[in-house]
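J.: model this:
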Amino acid sequence: MRPDSLAARAGLQEGDIIIRLNDKAIHNIDNLLTGLQAVASLKVENPDLTFWRDDRKIEGHLPVQFS
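T.: As a prediction, the model looks like this:
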């Protein structure tokens, strides 16, 4: 993962498993892509992001801002 990527700025690391984006459960890559498209089309800034790392659930935000 590139250090300047959106994922890295969100705190994600290789091996993390994204389980939720805003209020939508993420079960597969299609769910994630649909959620990211919704964030972009609705211009949702800093959507909630939940992921698993090393058997613990971590909650944060995806650092997205629209101008």
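
J.: check contacts around the residue nearest to the spatial centre of the chain.
T.: When the chain is reduced to its mean C-alpha position, the nearest residue by Cα atoms, centre = their mean turns out to be residue 49, at 4.6 Å. Residue 49 makes contact with 10, 18, 20-21, 59-62, according to Cβ atoms under 8 Å, 6 or more residues apart in numbering. The C-beta positions use only the backbone N, C-alpha and C, and glycine is treated the same way.

J.: in strands only, show me those residues.
T.: If you go by DSSP state E, the contacts of residue 49 have 18, 20-21, 59-61 in strands.

J.: just among these, which is most surrounded?
T.: Most neighbours among these, by other Cβ atoms under 10 Å: residue 21, with 22 neighbours.

J.: grab the nearest non-local neighbour of it.
T.: Of all residues not flanking residue 21 in the chain, residue 35 sits nearest, at 3.9 Å (Cβ to Cβ, 6 or more residues apart in numbering).

J.: pLDDT wise, what is that neighbour at?
T.: As predicted, residue 35 sits at a pLDDT of 96.

J.: same thing with residue 4?
T.: Value listed for residue 4 in the pLDDT field: 89.

J.: what do you get for residue 50?
T.: 98.

J.: same deal with residue 30?
T.: 98.

J.: what do you get for residue 26?
T.: For residue 26, pLDDT reads 98.

J.: who touches it in this structure?
T.: Applying Cβ under 8 Å, 6+ apart to residue 26 gives the contacts 18-20, 32, 35.

J.: want to throw the residues you listed into CSV with distance to residue 3?
T.: CSV is the format used below for these (distance: Cβ to Cβ, whole Å):
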residue, distance to residue 3
18, 19
19, 24
20, 24
32, 21
35, 24
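
J.: residue 44: which of those is nearest?
T.: Using Cβ to Cβ, residue 35 comes nearest to residue 44 of those, at 9.8 Å.

J.: burial of the closest one, as a residue count?
T.: Neighbours around residue 35, by other Cβ under 10 Å: 22.
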